[in-house]
Structures are given as structure tokens and as C-alpha cells.
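Visitor: quick one: sequence plus predicted model below, questions after.
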Amino acid sequence: MPLVAIALVSYAAGLLLGFGGDFALGAASAAVCLALGAGRREASLAAMGGLCIAGMLAAAAHDIGERHCQTRLLAADAWRVTLLGDAAVGAYVRGIARHDDCSLPVALSVEKGSATAGDIVTARGTAAVARRGLLLQRATISARPQRAWMVGARARAGHAIDRTFRSDAPLVRALLIADMGSISPEVRDKFAAAGLVHMLSISGLHVAIIALAAELLLQACRMPRVVASLSAVLLTIAYVAVIGAPSPAVRAGVMLSVGSVCRLAGRPTSPWAALAVGAWVPLLLDARTVMDLGYQLSVVGIAGLIASGALAAKWLTPHMDGTRLSLASVLLASTVATIVSAPLVTWHFGRLSLVAPLTNLVATPLIGVAQPALFLALLLAPAAPLAAFVADAVHPLLVAFDRIATIGAGLPLASVAVAPTLAAAVIAGVACAAIVVACISYYPARALIVVGAALVLTVWLPVTPSGERAVELHMIDVGQGDAVAIRTPLGRWLLFDAGRAWRGGDDGQRVVIPYLRRRGGDLAAFVLSHPHSDHLGGSAAVLRALRPAVFWDGAYLAGSRHYSQSLSAAYQLGVPWRRVRPNDSLEVDGVTVRFLAPDSAWMRTLTDANEASVVALVRYGAVRFLLVGDAEKLEEEWLLRNHGEALRAEVLKVGHHGSNTSTSPAFLAAVRPRLALISVGADNSYGHPSPDVVNALAAAGATVMRTDRLGSVIVRTDGRTIEVTAGGGTWGFSP
């Protein structure tokens, strides 16, 4: 393996450890490399340690620069923002905020104004600090006479895809312009279970297919080979620029360009060197690219393919030929690439696909045929009839691709849910690196010993006690309904409500059960806030699938079918049923839940189940979450009379989906939340949440997070500080 590739691995490892905050592990690894290099007088080992330290220092410097920029941007009263998506009233859109020589990612919740992707606007609003960049709430935007041509070109390409491909547009957007925003979490989980999630976004495979197809087409048109190769390179560069230059595409474009230039110059080069050069360029443009999943999968996937090629040359070519050799080589490449990318997929998606080699074997030829056709349809978009003809022709391939994922994910034991620790993920990564070394080495014994030792540690580590003590609140996106899950420090769950039900399905089966299973852990308790179908619709399915240790219920009498099914399921499964009374409590792994309402005597006078909602105060350390179901102003008044100051909480799950029937000024003044969570469906017919309620929350100093704009929201606390992850961003708060 060329030294440039070894240098890349060392530097990238340092960046990963630095951005991950694990400087102790990085320093220990670098010290070992330096010591071994000095002891054995091997300059390459010493250089690896030095480059790892350089990567950590670069990450630290990058973080310091970002914090400095955050401070300067927060001090401004207006920001110049390049929009990465179309903005309108009520939209949640991303952009790049600039002030003097500082630029950072920004997320805007637009209250006034509109603009299109690529526009450079002046934005004003209430700013909050994110882990990277800023969150701008109640944003007012006004357009400036400037545009970012690359962002605008990508947006126009997206609109052309929508017009041309119609129902296939979400999938085509992902395959052509690296836009996965329209693909639902359920579809992504399906592709992850089938081992095909890496195909849902631009990667080296997609760019290489387009470049090769362009070169073959140009040569078929009698163009000289040199001109055809250079033209294909230029076309690839233009394509990468038009789609916004995502890091995997930049890596692939550079690698293809280097390979083409070397081939034309008659100077063959190692594929490892081409990969290393291609992977270096995005890191030089932005060091934090190393944290991007698409970049990681792109680099690791190509490394797996190169390694499998070396292994095939040693073990398959001498014994096979013809069709048998081709099939065996493709299966080997799919298997090796799947194995070496498994730690990344497992870390990000919580799934380890066992069918990935087979599904990739079937799906790769489909993508090989479909990708050039998709690109051709995009080029023909100005001629709508021709573009529609090509889109209709490629539709069966897209249907087949989705069908492969559906069948693969549905096979018995297609995937297993895992929740690796950071240490286990790092050790699994070491094992995969050793597998690559074993594939390309003529003497693989030492590398295989490393693989075996790492796998033993990977299996052993997850069952050892963890020193991490943190609690997570997950407001699961179930549309116009509620499902809130609390994860304890030991990984168990407390679930409040289970979403909606409809004819033929429910959110429990569709969303909640897969969501919890993917993250692992037992269900310690299920709490039903009140018997309305948007809260209890999925409860029977949850009870049957997850079998909680106890079922808490406010016991408001209701004759609905879904409520009866939930009670029947609990009875049949032997799940203990408990009636909620004020001041009842439970404690699970250091998390305390105190029930504040409803009161049974007061509840007998009610005619609306909303006013009988279970209200729970969840506490861990100094941080409190107040969950109020659909409590309206009448119940809020009861809470104020009976609990008063006890209602104080840093995080409020806003009542009744943000309706103006809830969150009275007096109640809001008693709670004084720093963070307000609203579970609400996009474009719902009720008009939730009420603009008056959202404005009142913001005026009270609360940061508002909504599932209709951000998807599922995760609030994490160590009992002292609060961190929120939603919509691809992370924000920190102090209680």
C-alpha cells in the first residue's frame, strides 16, 4: 500500500478522534505508533503516530475557529445567509451564514419572507448556538440581488427531477443529486436492513458509472480515445459541481480524473494512491468532511473493492475463468465491501445487515443500468417529452431496486439490531482495516490475528459496565399524534403514548416499534396519557411486541375500540395495569417519574378526555421534563392550584400539539421552559400549532422544536446540561 494511503488513514483517524472528543484514545494510539517506530527504526510507524497527532490538532483548531465564528455571528443583529433550500413562511431551511470572514451552517425557522435555493438573503431572528453553526428562530428574511450559482443549479436540477420523475422523484433525487430529504426514515431503515443504504446517496459508484457511460458513448461516436476520456472527465467535473459538490462525489471525481490522466500519460499508478489523492481533496477543503457518513462510506467502500480485487487475483483467478470467475469476483467484492463498511452502517443506523452481499449482488447491475439513464433524463429535462420518455423507461428498474430492498429487509434474520459503544465501533473499525490488509498481503497471518483479537473485544465490550450516565428523551415523529420515549442510563425505555391508528395500520407497528427496536433495550413502562386515537392508536401493537413491565393509565372511561384493544392486550399478556393518581411515582435506573394528574374525583366531572390527560414530571439530576399529553387550560388551572412551583421544568412537551386551547400564560409562567417540544403533523387540517402559542413560547425564552419541520427530536442530558439533536443539527443548552 503506498505511503500516501497510509498517511491518509493516519491523518483521518486523528481527525475522527479529535472531532469525536476522544483525545485520550488518539494520544495513546499515536504514542504506541511512535514508540514502535522508534524501537524498530521504522519511519513509517513513527510518521503514522505523528500524522494522527496532526489530525487531532487540526480538529481542535477547527473547533476553536468555529466557536470563535459562533461568538462573532451571535453578536451580529443580521446575517448574510446563502439558502440551501427554498424558503417560505413556516419552512425550516438550511443555509450558510456569513459575517466578515466567518461562515457557519445555519438552520432557519422562517416566520416572514420567502426566497429560493441559492439566493443570498439578509436574515434576522432569535439565534441559538448549535454544535455546528446556529439555529435561527422566528427568522425574517429579505432577498439580496445576489445568488450562489452552484446551489441554484442544484435546486433547479431538483425541480427538474420532480417534474420528470413524479412519484419516483424522492429516490431519483437521492441517486442523482445526493438529496435524501424526501426519503422517509422508514424507507431508509428498509434499505439499511437490506444492506443497500449506501446506494441511496451519491457515491463513487454513481459517479463512476456516469463517467464510464459518457466515455463509452463518446467513443461509440467515433471520437478519439484521448478526447473521449478528457471529455468524460470534464463532464464528470461539471456534474459534481451542479449537484453541489458533495464530498463523496468530489472524492470520486478526483480519483477518476487522476486515473484518466495517468492512463492517458502511460503512467499507471496504484489504485490506493488514486483513492488517497481523491480522499485528501475533500479534507483539504473542509476537515470536518471526515465526519460525513457519505464520505466515509465512499472511501471505505472503494477500499473494500480494491482489496477484494487483490484477493480475487490471488485466490480466484488461478482456479476459475469465464462466467464462474465473473460471478465469484462480484460476490467477493460485494462481501468484502459490506464487511469493511459494516461498522459505519451499524454506528449510524443501528443495524447489521446479514443479507447485504446477496442484495448488493442483485442490485448493483440494476444501478449500473439505471444511473446513466437517470442522468440522461436530467440532461434532457428542457425537452420535457424526451425526458419523460427516458424516465418512463427507467421506472421498472427503480421499482425493481425498491423491491430488492423490500424483499431483502423482509427475509428472516435479514438484519440484527445493535447499539455499539464508541469503543466497540473503534475496535470493529480496526478489525475491518486488518481485513483489508489481509486481503492485499501475501502473508496475512498477523493481520488475521489482529482481526480475531478485535472481534473478541468487540463482542466482549458491549456486555461490560459502561461509565456513561445519560438520559434521552425521544419525541418520535408520528405525524399528528404523540409518542414520547425516555431512555434510561442503562438503555431501558419509558414510553408515553404510541401514535395514531388508521384503517389497516397504526403508528405503533409502523414507527414506534421499529424505532425502539433499532436502538435496543427493554420497555420498562408504557404510559397512556388519554384514550384518543392519535395517542393510543399504536398501543395494542406496542404492548404485544415489546411487552412492557407495567402499563400506567389515567383510566378515563372511554368506549373506543382502540382503548378496549389496549386493555385486552395487556390482560392477555399479563402486563400489570396501574391507574395513575396524583403523586404516584416510579423510578427506573435513576430516572424518577412523578405523576401530577389526573385526579379521579375531579376527573368524574369532565366530558373531554384531553382534560384528563396524564401529566408526568420526569427528573434526572437537575434536569426536568414535563409531559402534559393533550392537557388544556382547565387542567392547567387545576395543576397550577395543586402543584404551583412544582411545575418548573427545563423541557416542556407542549400540550395538545400546540393548540391555542393549551399553554395559557399563567401555566407557561409557572413552567418557564428553556426548550419546548411540539409533536405535530405537517400541513395538518387543525392548524396546529397555533402561531400565538409558538410566539408566546419564543417570547418566554423557549427554543421551539417541531416534528413537522425537524422530524424526530432527541433531547440528551447528563443531569446538568441539555443537548438536542433534530433535523440533522445538534444544539446545546444550560438549565
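Guide: Cool, the structure landed.
Visitor: how about the lengthiest strand in the chain: buried residues?
Guide: When the chain is parsed with DSSP state E, its longest strand is strand 134-147. By 16 or more other Cβ atoms under 10 Å, the buried positions in strand 134-147 come out as 134, 135, 136, 137, 138, 139, 140, 141, 143, 147. C-beta: built from backbone N, CA, C; applies to glycine.
Visitor: stretch 536-549 now?
Guide: Going by 16+ other Cβ under 10 Å, stretch 536-549 has these buried residues: 536, 537, 538, 539, 540, 541, 542, 543, 544, 545, 546, 548.
Visitor: ok, stretch 3-21 next?
Guide: Quick answer for stretch 3-21 (16+ other Cβ under 10 Å): 4-19.
Visitor: so for the helix or strand encompassing residue 330, mean pLDDT?
Guide: Here residue 330, judged by DSSP states H and E, is contained in helix 322-349. In this model, helix 322-349 has an average pLDDT of 80.
Visitor: off-centre distance for it?
Guide: Mean-position distance between helix 322-349 and its chain equals 23 Å (Cα atoms, centre = their mean, to the nearest Å).
Visitor: check stretch 692-708 too.
Guide: 24 Å.
Visitor: also stretch 170-181?
Guide: With Cα atoms, centre = their mean, you get 15 Å for stretch 170-181.
Visitor: dump that stretch to CSV, keeping only the CA atoms.
Guide: Listed next in CSV are the C-alpha coordinates belonging to stretch 170-181 (Å, rounded to 0.1, in the frame of the first residue of the first chain):
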residue,chain,number,x,y,z
PRO,A,170,-37.5,11.1,-4.0
LEU,A,171,-35.5,8.1,-5.0
VAL,A,172,-34.0,9.8,-8.1
ARG,A,173,-33.1,12.9,-6.1
ALA,A,174,-31.0,10.7,-3.8
LEU,A,175,-29.4,8.9,-6.7
LEU,A,176,-28.6,11.9,-8.8
ILE,A,177,-28.1,15.0,-6.6
ALA,A,178,-27.5,13.5,-3.1
ASP,A,179,-30.8,14.8,-1.7
MET,A,180,-32.3,12.3,0.8
GLY,A,181,-34.6,14.9,2.4
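Visitor: coming back round to it: identify each buried residue in the helix holding residue 330, please.
Guide: Going by 16+ other Cβ under 10 Å, helix 322-349 has these buried residues: 328-347, 349.
Visitor: do stretch 157-173 as well
Guide: 157, 158, 160, 161, 164, 165, 168, 169, 170, 171, 172, 173.
Visitor: ends of stretch 78-93, what's the gap?
Guide: Start to finish, the residues bounding stretch 78-93 are 17 Å apart (Cα to Cα, to the nearest Å).
Visitor: what sits up against that stretch?
Guide: Residues from elsewhere that reach stretch 78-93, judged by Cβ atoms under 8 Å, 6 or more residues apart in numbering: 73, 94-99, 106-124, 134, 136, 141, 144, 148, 151, 155, 181, 709-710, 727.
Visitor: OK, contacts around residue 671?
Guide: Counted by Cβ under 8 Å, 6+ apart, residue 671 has contacts 626, 647, 648, 649, 652.
Visitor: format the residues you listed as TSV; extra columns: distance to residue 128 and neighbour count.
Guide: Shown next, in TSV, are those (distance: Cβ to Cβ, whole Å; neighbours: other Cβ atoms under 10 Å):
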residue	distance to residue 128	neighbour count
626	20	24
647	24	24
648	21	14
649	18	23
652	16	26
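Visitor: take these and keep only those in strands.
Guide: Using DSSP E, the contacts of residue 671 in strands are 626, 652.
Visitor: for the stretch 601-735 of the chain, give me the ranges with low pLDDT.
Guide: The stretch 601-735 of the chain contains residues with pLDDT under 70 at 728-729, 733-735.
Visitor: now the strands for it?
Guide: All strands of the stretch 601-735 of the chain, identified by DSSP state E, counting those that start in this stretch, fall at 615-620, 623-627, 651-653, 675-678, 703-706, 713-717, 722-726, 729-733.
Visitor: residues of the fifth one that come out buried?
Guide: For strand 703-706, burial by neighbour count (16+ other Cβ under 10 Å) applies to 703, 704, 705, 706.
Visitor: which one of those residues sits closest to residue 562?
Guide: residue 706 (25.4 Å; Cβ to Cβ).
Visitor: the closest one pairs with what?
Guide: According to DSSP bridges, the residues that bridge with residue 706 are residue 678.
Visitor: how far away is it from residue 108?
Guide: 14 Å (Cβ to Cβ, to the nearest Å).
Visitor: likewise for residue 424?
Guide: Applying Cβ to Cβ to residue 424 and residue 108 gives a distance of 37 Å.
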